[in-house]
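**Q** Turn this into a model:
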Amino acid sequence: MHLEGKTLSKLLVVSFVGGWVSGALGLGGGSIFNPLLLSLGCPPKVASSTGMYMIIFSTGASTTAYMISGLLDPTYGGWIGGWCVIGTILGMILLNTIVKKLGRQSPLVMLLCLIMCASAIAVPYYGLQDLPDDMWEFGSIC
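**A** Next up is the predicted model:
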């Protein structure tokens with residue numbers, strides 16, 4: 001990638017807007033930045049690993065905020081975090097094996113698309129279930 005001219009301008013604008021949107025709405029940065037990096041010609045492995053690198057900072061900041069406010073149980077967080085690390089390592093080993101076997105990176109792109117489609121369906125579905133029942137009732141405007 002050549003970071004100059006239109007490519008650099010597009011990257012800076014979308015990164016700023018994407019960071020603001022993901023922070024304000026609680027979206028994962030990967031759902032915004034992975035497609036951006038792929039559209040700029042970045043190889044899928046580099047786009048995926050860059051997204052994971054960015055997630056470290058937002059997750060660290062969120063964890064710190066929850067710990068300071070006393071809303072995080074360190075034992076529970078360590079348990080979940082440990083399983084996430086194991087799952088990440090096993091997933092990367094499996095993905096590397098598949099990419100080497102097929103000789104191309106398209107399985108990674110397909111996996112990213114599948115995860116984005118699943119989250120596009122799951123987030124509104126589960127979000128609507130958490131809304132109070134009386135939210136859609138309208139009272140008198142007087």
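
**Q** Tell me which helix or strand Val21 sits in.
**A** Element membership for Val21 (DSSP states H and E) is helix 5-25.

**Q** Sorry, wrong one. I was asking about Gly87.
**A** helix 74-102.

**Q** taking the mean pLDDT, what do you get for the helix or strand following that helix?
**A** Next helix or strand after helix 74-102 toward the C-terminus (DSSP H and E): helix 106-129. If you average the pLDDT over helix 106-129, you get 82.

**Q** got the angle for helix 106-129 vs helix 74-102?
**A** Angle, helix 106-129 to helix 74-102, by axes from the mean of the first three to the mean of the last three Cα atoms, to 10 degrees: 140 degrees.

**Q** what's helix 106-129 packed up against?
**A** With contacts defined as 3 or more Cβ pairs under 8 Å, 6 or more residues apart in numbering; DSSP states H and E, the packing partners of helix 106-129 are helix 30-39, helix 44-68, helix 74-102. Where you see a C-beta, it was placed from the backbone N, CA and C, and this is true even at glycine.

**Q** Could you pull out the buried residues of the last one?
**A** Right, helix 74-102. Buried positions in helix 74-102, judged by neighbour count with 16 or more other Cβ atoms under 10 Å: Leu95, Val99.

**Q** Low-confidence ranges, the protein, go.
**A** Residues of the chain that meet the criterion pLDDT under 70 lie in 1-3, 26-29, 134-136, 139, 142.
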